[in-house]
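Trainee: model the structure of this input:
(4 chains)
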Protein chains: 2
Amino acid sequence: MSSTNKNPLIRKLDHLFPLGGDELQILESACSRVVQFRADQDIVCDGDRPKACNLLLEGFVCRYKLTAEGKRQIMSFQFPGDIFDAQSLILEEMDHSISAITPCKVALIPHETMLEITETYPRIARALWKDTLVDAAVFREWMTSIGRRSSYQRIAHLMCEVLVRLDVVGLAHGHTIEWPFTQTEIGDALGLSNVHVNRTLQQLRKAGLITLANSSLAIHHWDGLKDAGQFDGRYLHLRPARSPAGMEGGAPQQMQA
Amino acid sequence: MSSTNKNPLIRKLDHLFPLGGDELQILESACSRVVQFRADQDIVCDGDRPKACNLLLEGFVCRYKLTAEGKRQIMSFQFPGDIFDAQSLILEEMDHSISAITPCKVALIPHETMLEITETYPRIARALWKDTLVDAAVFREWMTSIGRRSSYQRIAHLMCEVLVRLDVVGLAHGHTIEWPFTQTEIGDALGLSNVHVNRTLQQLRKAGLITLANSSLAIHHWDGLKDAGQFDGRYLHLRPARSPAGMEGGAPQQMQA
DNA sequence: CGGGGCGTTGACTGAGATCAATTATGGTGG
DNA sequence: CCACCATAATTGATCTCAGTCAACGCCCCG
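Mentor: Model prediction:
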């Protein structure tokens, strides 16, 4: 079981907090139905009071808020395996929206079911709590980036994070990953303008660190990008003992140390 | 019990998730010993693996990270009643530090005790989980401020948040609160320089919104400050039905709506 | 009464925003 | 296969908010 399992949730939870086979079984069977969303479609809206949690199966989504002037701040990207609105289980009203970056597929787990599960299986409750704590850790790291890092550092840092997180769920191909984000989305995530993102990306290319085209990001010098972004993956709280699939050179793993 | 109780933790949890008398009793008796810290002293350090959770009894603390260049990002302020490192119960290693803003008094609750309690009293576990989710919501709101709001808006927003949060634990005196933060600390929290904080504070004063002197902040026009900071307190997820102590005009309460 | 931290002010600088075209690019209908 | 459209990327010119540097004043505290 585990790292060769196709279900990204299983992969992720296994990284986070090893669960037994029966517990994983329970989680898989809890998914009531699967829903599809188009790119740019809102999945959950600010102010909603959802009756179910969403488990992302395929595609990328983001959390965001809009300011009064209509500026957007993206607060996180979520990847397959993420239960991206677990908080709705406990906090009734959404304080932000969640939108599809790419077309995506989402499994619904009714709150009712989820609450039963967490009461019956305290280890699952614990794993979910842990997941929300790691989410919070990512928020803190982004805050640090936005508040105190240069645009060059911010973008490099984000790329490192996305690579490591995709690797965990088996979606990295060596040092190449899917990168479906527009420059405006990157800007909204990092507190920059789309124009400035464009110029900074060119610097990263000129430095030979990356190639970015056709929604595909290739990282040529992992250590260089890591240094450029001051990336230290400890905040992702992954279990270190793990040898990911297509990773020659052990690059992303080094960061977790 | 409840809003007239002197223990700020009780006040806060009661706001968040009403607990029974026995549950509150348990929590109060769990505190093993009380420790004092001087202002500016680190309470928990990045990289630590704490063996106990800290409940803040008196004083203000902040979470922060340092970048490679030595810049500091403060990621939150915590007030009496906050269990500010509940995450250490689940995530072994600290990914940030926590430091005293003022002299403060902290009660230690050993992880061992805490784990027993959360297993025996699932409602307490739920309340703690909820608390960490609200923390995360605050991180998201700060991210939005830092990424997309002007310095003027950021500072106004922060002041609104601090007033509401202090009010919850009975530490607001009408629209006047203790404000022990240096301008450098405000800057580190909001991604600004101390110089710019100084100039922006003068604008807030000139606009007649506040008086700030001698570690005391008086808010003269609540609605004006709220508008200036685009403050909408929904993200704090407080229970609306509550009439706080010394609040004439119901000002802070309006925001939660 | 003499430091040291904090707040305040002024002058200068600069990273990144804004505005405005222009050029790919990918998807669509004919 | 191609014209066409919308979206995204790119470029240039200009502007501005906020950072940096440096000096100075205030006030608390030993």
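Trainee: only C-alpha atoms for contact and neighbour calcs from this point on.
Mentor: Noted.
Trainee: the stretch 101-250 of chain A against chain B: which residues are in contact?
Mentor: A:119, A:122, A:129-130, A:132-133, A:135-137, A:139-140, A:142-144, A:146-149, A:190-192, A:230, A:234-235, A:237 (Cα under 8 Å from any Cα of the partner chain).
Trainee: and those, which are buried?
Mentor: A:129-130, A:132-133, A:135-137, A:139-140, A:142-144, A:146-149, A:190-192, A:230, A:234-235, A:237 (16 or more other Cα atoms under 10 Å in any protein chain shown).
Trainee: which of those residues fall within helices?
Mentor: A:129-130, A:132-133, A:135-137, A:139-140, A:142-144, A:146-148, A:190 (DSSP state H).
Trainee: residues in contact with the closest residue to DNA strand C within the stretch 151-257 of chain A?
Mentor: Residue nearest to DNA strand C within the stretch 151-257 of chain A: A:Leu192 (3.0 Å; Cα to the nearest atom of the strand). By Cα atoms under 8 Å, 6 or more residues apart in numbering or on different chains, the contact list for A:Leu192 reads A:Ser151, A:Ile186, B:Gly147.
Trainee: near DNA strand C, which residues of the stretch 51-200 of chain A are found?
Mentor: A:Arg149, A:Ser150, A:Ser151, A:Tyr152, A:Gly191, A:Leu192, A:Ser193, A:Asn194, A:Val195, A:His196, A:Val197 (Cα under 7 Å from any atom of the strand).
Trainee: which single one of these is nearest to chain B?
Mentor: Closest approach between these and chain B, by Cα to the nearest Cα: A:Gly191, at 4.2 Å.
Trainee: so for that closest one, what's the pLDDT?
Mentor: For A:Gly191, the model assigns a pLDDT of 98.
Trainee: pLDDT below threshold where in the stretch 51-200 of chain A?
Mentor: For the stretch 51-200 of chain A, applying pLDDT under 70 flags no range at all.
Trainee: what sits closest to A:Phe79 if chain neighbours are left out?
Mentor: Distances taken as Cα to Cα, 6 or more residues apart in numbering or on different chains place A:Phe60 nearest to A:Phe79, at 5.1 Å, with adjacent residues excluded.
Trainee: got the phi and psi for the one you found?
Mentor: Dihedral pair for A:Phe60: phi -120, psi 140, per degrees, to the nearest 10.
Trainee: repeat that for A:Asp40.
Mentor: phi 70, psi 10.
Trainee: check contacts around it.
Mentor: With Cα under 8 Å, 6+ apart, A:Asp40 has these contacts: A:Ser99, A:Ala100, A:Ile101, A:Thr102, A:Pro103.
Trainee: most neighbours among the residues of the stretch 51-200 of chain A next to DNA strand C, please name it.
Mentor: A:Gly191 (28 neighbours; other Cα atoms under 10 Å in any protein chain shown).
Trainee: got a quick PyMOL command for the buried subset of the contacts of A:Asp40?
Mentor: For the buried members of these, the matching PyMOL selection, counting by 16+ other Cα under 10 Å, is:
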select buried, chain A and resi 99+100+101+102
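Trainee: show me where the stretch 151-257 of chain A has helices.
Mentor: Applying DSSP state H, counting those that start in this stretch to the stretch 151-257 of chain A gives helices spanning A:151-168, A:183-190, A:194-206, A:222-229, A:251-256.
Trainee: what's near enough to touch the most centrally placed residue in chain A?
Mentor: Ranked by distance to the mean C-alpha position of chain A (Cα atoms, centre = their mean), the top residue is A:Gln78 at 3.1 Å. Residues counted as contacts of A:Gln78 (Cα under 8 Å, 6+ apart) are A:Phe60, A:Val61, A:Cys62, A:Arg63, A:Phe84.
Trainee: tally up the residues packed near A:Glu116, please.
Mentor: Neighbours of A:Glu116 using other Cα under 10 Å come to 10.
Trainee: and A:Ser88, how far is that from A:Val44?
Mentor: 10 Å (Cα to Cα, to the nearest Å).
Trainee: err, A:Ser151, not the other one
Mentor: For A:Ser151, the distance to A:Val44 - Cα to Cα - is 29 Å.
Trainee: do the same with A:Arg149
Mentor: 30 Å.
Trainee: with A:Ser193 instead?
Mentor: For A:Ser193 relative to A:Val44 (Cα to Cα), the value is 25 Å.
Trainee: list the residues that contact the closest residue to DNA strand C within the stretch 1-150 of chain A.
Mentor: Closest to DNA strand C within the stretch 1-150 of chain A is A:Ser150: 3.6 Å, counting by Cα to the nearest atom of the strand. By Cα under 8 Å, 6+ apart, no residues touch A:Ser150.
Trainee: quick check: A:Arg11 touching A:Asp167?
Mentor: No. Using Cα atoms under 8 Å, A:Arg11 is not in contact with A:Asp167; the gap is 10.3 Å.
Trainee: distance check, the closest residue in space to A:Gly224 that isn't next to it in sequence against chain B.
Mentor: Among residues not flanking A:Gly224 along the chain, A:Leu209 sits closest, at 6.7 Å (Cα to Cα, 6+ apart). A:Leu209 sits at a distance of 20 Å from chain B (criterion: Cα to the nearest Cα, to the nearest Å).
Trainee: can you say which helix or strand has A:Ser76 in it?
Mentor: Secondary structure assignment for A:Ser76, by DSSP states H and E: strand A:72-78.
Trainee: residue contacts, whichever residue of the stretch 1-150 of chain A sits closest to chain B?
Mentor: Closest to chain B within the stretch 1-150 of chain A is A:Gly147: 4.2 Å, counting by Cα to the nearest Cα. For A:Gly147, the contacting residues are B:Gln73, B:Ile146, B:Gly147, B:Leu190, B:Gly191, B:Leu192, by Cα under 8 Å, 6+ apart.
Trainee: the second one contacts B:Ile186, correct?
Mentor: So the one you mean is B:Ile146. No. Applying Cα under 8 Å as the test, B:Ile146 and B:Ile186 come out as separate, 11.9 Å apart.
Trainee: returning to that earlier point: what count of nearby residues applies to the residue nearest to A:Phe79?
Mentor: The burial count for A:Phe60: 23, using other Cα under 10 Å.
Trainee: thought A:Gln230 was touching A:His157?
Mentor: Yes. With contact defined as Cα under 8 Å, A:Gln230 counts as touching A:His157 (6.6 Å).
Trainee: how close does the residue nearest to A:Ile219 when sequence neighbours are not counted get to A:Pro122?
Mentor: Counting by Cα to Cα, 6+ apart, A:Ile219 lies nearest to A:Ile210, which is 4.6 Å off, once chain neighbours are set aside. Distance, A:Ile210 to A:Pro122, by Cα to Cα: 43 Å.
Trainee: can you check A:Ser76 too?
Mentor: From A:Ser76 to A:Pro122 the distance is 27 Å (Cα to Cα).
Trainee: DNA strand D is nearest to which of the helices of the stretch 151-257 of chain A?
Mentor: helix A:183-190 (3.7 Å).
Trainee: anything in the closest one near DNA strand D?
Mentor: Yes. Applying Cα under 7 Å from any atom of the strand, one finds helix A:183-190 touching DNA strand D at A:Gln183, A:Thr184.
Trainee: can you give me how far that helix is from the chain middle?
Mentor: Here helix A:183-190 is found 15 Å from its chain centre; the criterion is Cα atoms, centre = their mean, to the nearest Å.
Trainee: residues making contact with it?
Mentor: Counting by Cα under 8 Å, 6+ apart, A:72-76, A:142, A:145-146, A:151, A:154-155, A:192-198, B:147 sit against helix A:183-190.
Trainee: now the angle from that helix to strand A:72-78?
Mentor: Going by axes from the mean of the first three to the mean of the last three Cα atoms, to 10 degrees, helix A:183-190 is angled at 90 degrees with respect to strand A:72-78.
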